[in-house]
Each structure stands twice: as C-alpha cells, then as structure tokens.
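Engineer: fold the following, please.
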Amino acid sequence: MTLFEIYYHDPWRTEKTFARQHIASTKEDAKKWLLENLNDWYDNNDPEINDLVDQALNQNFRYMTVKTITVDDDGTVEWE
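Structural biologist: Coordinates of the predicted model:
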C-alpha cells in the first residue's frame, strides 16, 4: 500500500518548516484534496499543473511537496 503525505513548507524546503497537512491513500484522493486547497499552497511562480501529484513528488511547487509512505506485505515501511 502506498500513502501520499502532503506537506507545506517554506520556499527553501527546510525540514523544520515542513508541516504535514494531509495523508491520502490514493493519487486521486491526494489530487482532489490539493485542488480543493489550491489557494493555500499554489504560487504564481509555480509551473502549470499537468500531473499534480507527480509534479509534487518531484518538488516542482514552491510551498508544497508530496512524499510517499510504502507499506509492504511483510510490514516493511519505506518513506520517500
């Protein structure tokens, strides 16, 4: 299972300013939540939104990043 953690942060992505805002269980849920809260994180200098979650995973946005948590069948957990 893969979970999508949505973080807001300062433009320099310093770890101490990261604040988790939401965890979604699917890409679709993450996209829906992000679009509902667009005014809270989208900056005029950010790129055009084409594939929102993939762009966020690649840290293309100034004030928002998505990270993944993967839970394997054996219970192993990986954070990216």
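Engineer: quick one: buried residues of the helix or strand containing Ile69?
Structural biologist: Element membership for Ile69, per DSSP states H and E: strand 64-71. Going by neighbour count (16 or more other CB atoms under 10 Å), the buried part of strand 64-71 is 64-67. From N, CA and C alone the C-beta is placed, and that goes for glycine too.
Engineer: direction included, what does whichever helix or strand comes after it pair against?
Structural biologist: Downstream of strand 64-71, the first helix or strand assigned by DSSP H and E is strand 77-79. Looking at strand 77-79 with DSSP bridges, its partner strands are strand 64-71 (antiparallel).
Engineer: check contacts around the residue nearest to Lys31 when sequence neighbours are not counted.
Structural biologist: Distances taken as CB to CB, 6 or more residues apart in numbering place Leu52 nearest to Lys31, at 4.9 Å, with adjacent residues excluded. Contacts here follow CB atoms under 8 Å, 6 or more residues apart in numbering; on that basis Leu52 touches 30-31, 34-35.
Engineer: which among those residues gets closest to Glu80?
Structural biologist: Nearest to Glu80, judged by CB to CB, of those is Ala30 at 14.0 Å.
Engineer: thank you kindly, that will do.
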